[in-house]
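Q: let's see this in three dimensions:
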Amino acid sequence: MTRRIGRITCALLLTMPLLTATPAWAAGPGDLVARDIHPAGWMSSSASDVNERGEVIITATKMVDFEIQPPLGYIWRAGRHTPLRPLPGGTGSLARDINERGEVVGFCQSDLHPARPCLWRQGQPHDLGTLDERGTGTALAVNDKGEVVGDNQTYIRGGETRAFLWRRGVLIDLGGIGDRSAVGINNSSQVIGVHYTEAGRRAFLWQRGTLTDLGTLGGSESVPTDINERGQIVGTSTTADGIQHAFLWQDGRMIDLGTPSGESGAVAVNDRGQVTGWTNSANGVLGSFRWHRGVRTDFAGYLSDINERGWVAGTTTGDPRYALVWRNGRTVTGDPAAAVMVINNRGLLAGWTNTPGGNHATVWR
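A: Numbers count the residues shown, from 1 in each chain. Next up, the predicted model:
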């Protein structure tokens, strides 16, 4: 399952899901225990992804003389931090995704360019190249075969942003006209991305050399956030009246997962077709949901990811927030969390907590 590109907002109903009661919280915090994995020497850090081996990618930042310095990426595993070095002459790097082989992608600086699409193996950077002489771009996702997708800023047709697929040393332009970015890829080499048009953003699927526009829920925009190994895609789309709704795209059809009122968006889908996302009711109450085969469960917390066991992770509402996992029909809470971003199949959560000196990358188990 590829990583999400972030939350977006979307809304209408093609199918009316069955609403179930909001689950009750566990008795109190303390079941999920936090571990601070902040790298030494940095002011702030955050964790954004974790694989099944428990390898966590971290972005660390700091200020010197009131100036923000370039970030540096790390891999953390079992108490050890491995820096993701920039290219020769560069000072910063930013990790975006990690696969099950421990390969990391993102961008890194070089002596000539502020951003080059990079693949790190064992902490060593490999420049993936760019589609033309402008020479900037970023890698956004990597599958378990080591295939990488992302975007380049180019001089093509006056300066388009082009979506790319890097495979076995070859950089492939995914085609189409206009600005595009590839944001996710599964192990069948199906790529999801966004086409930026004058009317707004449109989700696309690329497979075997063919680009397919996923359409919308009646409005002008759609943005994908995740694709599973079955080729099911989730994200957010506008309806005919301009409201944002969560969608599931499968078998050539976009299904509306929205609520009867308010807005929603889908952020993740596992290989069983279970979807999680966010909601914003008509009266402004924020929440989350889990959807599977037309059955919808609503939550009071902020959910960000779902694993292959159907466990959903996020944070509670209120101040302070606490890490939470909904599993087997029960919500388990834990130590405080500013944000929980991901959960792996072993139940390891990653995100960050607030400290007096800045955010600290954190894992919970």
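
Q: for the longest strand along the chain, which strands pair with it and how are they oriented?
A: What stands out as the longest strand in the chain, according to DSSP state E, is strand 218-227. Paired strands of strand 218-227, with direction, are strand 233-239 (antiparallel) (DSSP bridges).

Q: pLDDT-wise, which helix or strand of the chain ranks last?
A: strand 18-20 (a mean of 31; mean pLDDT, DSSP states H and E).

Q: residues of the longest strand of the chain that come out buried?
A: For strand 218-227, burial by neighbour count (16 or more other C-beta atoms under 10 Å) applies to 218-219, 221-227. The C-beta positions use only the backbone N, C-alpha and C, and glycine is treated the same way.

Q: ok now that strand, how far from the chain's centre?
A: In this view, strand 218-227 has its centroid 14 Å away from the chain centroid, taken as C-alpha atoms, centre = their mean, to the nearest Å.

Q: please name the nearest non-neighbouring residue to Leu214.
A: Ala203 (4.2 Å; C-beta to C-beta, 6 or more residues apart in numbering).

Q: pretty sure Ser48 sits in a helix.
A: No: read with DSSP: H, G, I helix; E, B strand; the rest coil, Ser48 is strand and lies in no helix.

Q: residue contacts, it?
A: 3, 57-59, 95-96, 341-342, 350 (C-beta atoms under 8 Å, 6 or more residues apart in numbering).

Q: go on, Arg77?
A: Arg77 neighbours (C-beta under 8 Å, 6+ apart): 53-56.

Q: what about Tyr196, how many residues nearby?
A: Tyr196: 14 surrounding residues under other C-beta atoms under 10 Å.

Q: now render the contacts of Arg77 as JSON lines, adding distance to Ala139, pLDDT and neighbour count.
A: As requested, the contacts of Arg77 are arranged in JSON lines below (distance: C-beta to C-beta, whole Å; pLDDT from 0 to 100; neighbours: other C-beta atoms under 10 Å):
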{"residue": "Arg53", "distance to Ala139": "20", "pLDDT": "98", "neighbour count": "14"}
{"residue": "Gly54", "distance to Ala139": "22", "pLDDT": "98", "neighbour count": "15"}
{"residue": "Glu55", "distance to Ala139": "17", "pLDDT": "98", "neighbour count": "21"}
{"residue": "Val56", "distance to Ala139": "18", "pLDDT": "98", "neighbour count": "26"}
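
Q: cross the residues you listed against helices and list the overlap.
A: Assigned to helices by DSSP state H, none of the contacts of Arg77 qualify.

Q: which one of these sits closest to Val104?
A: When the contacts of Arg77 are ranked by distance to Val104 (C-beta to C-beta), Glu55 comes first, at 8.6 Å.

Q: of the contacts of Ser48, closest to Ser189?
A: For these, the nearest to Ser189 is Arg3 (16.4 Å; C-beta to C-beta).

Q: where along the chain do the helices fall?
A: In the chain, no helices are found when defined by DSSP H.

Q: alright, that wraps it up for me.
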